[in-house]
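*Asks:* no sequence on this one, just coordinates:
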C-alpha cells in the first residue's frame, strides 16, 4: 500500500524550481500575528504556461510535541494564460506567490506543499522558534 508521502519530492529550493519557498517576514512571537510568504521559483523561475504551471501551494503547521499537523491554508492559482484564442493567449496569469498572516502559540515546523501539473507534489519545511 502506498501513502502520499511516498510521492512527494523534496530538494533545495535554490537548485530546483518546484520546491515551495517559505519566508517568515518579521519576528515570530507567541500569540502575535506575523506574515509568511510562500513562493515557487525563487532562484530558478518556474514556467507559467497553460501547459506547465503551479496549481496550488498549501501551508501546514506541525506544533512541537504534538502528533497532528494543522492545515493553515490552500492557495490556488487559477489563471495560466488559457483563452478561447488558444493556449497562452490569455490576458492574465497567476504568479505562484502568496503572503498570509498566521498566529502561533508554540514553536514547530511550517510545512509547504506545492503541486506542478507536470511534475507532481513538492515540499519544504521551516523551523519556527517563537520569541
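*Replies:* That came through fine. Just so it is clear, the model here is predicted, and its values are computed rather than measured.
*Asks:* drop to CA atoms for contacts and neighbour counts, all remaining ones
*Replies:* Will do.
*Asks:* quick check: mean pLDDT across stretch 98-107?
*Replies:* Averaging pLDDT along stretch 98-107 gives 98.
*Asks:* from the opening residue of it to its closing one, how far?
*Replies:* End-to-end distance for stretch 98-107: 22 Å, by C-alpha to C-alpha, to the nearest Å.
*Asks:* need the residues that contact that stretch.
*Replies:* Outside stretch 98-107, the residues that touch it by C-alpha atoms under 8 Å, 6 or more residues apart in numbering are 29-39, 63-64, 72, 75, 127-130.
*Asks:* rerun at 6 Å
*Replies:* Contacts to stretch 98-107, defined as C-alpha atoms under 6 Å, 6 or more residues apart in numbering, come from residues 30-38, 64, 128-130.
*Asks:* again with stretch 11-31
*Replies:* Residues from elsewhere that reach stretch 11-31 (C-alpha under 6 Å, 6+ apart): 34-41, 43-44, 46, 103-105, 122-124, 130-131.
*Asks:* show the contacting residues for the residue nearest to the spatial centre of the chain.
*Replies:* Geometric centre of the chain, nearest residue: residue 57, 3.6 Å, by C-alpha atoms, centre = their mean. By C-alpha under 6 Å, 6+ apart, the residues touching residue 57 are 74-75, 113-114.
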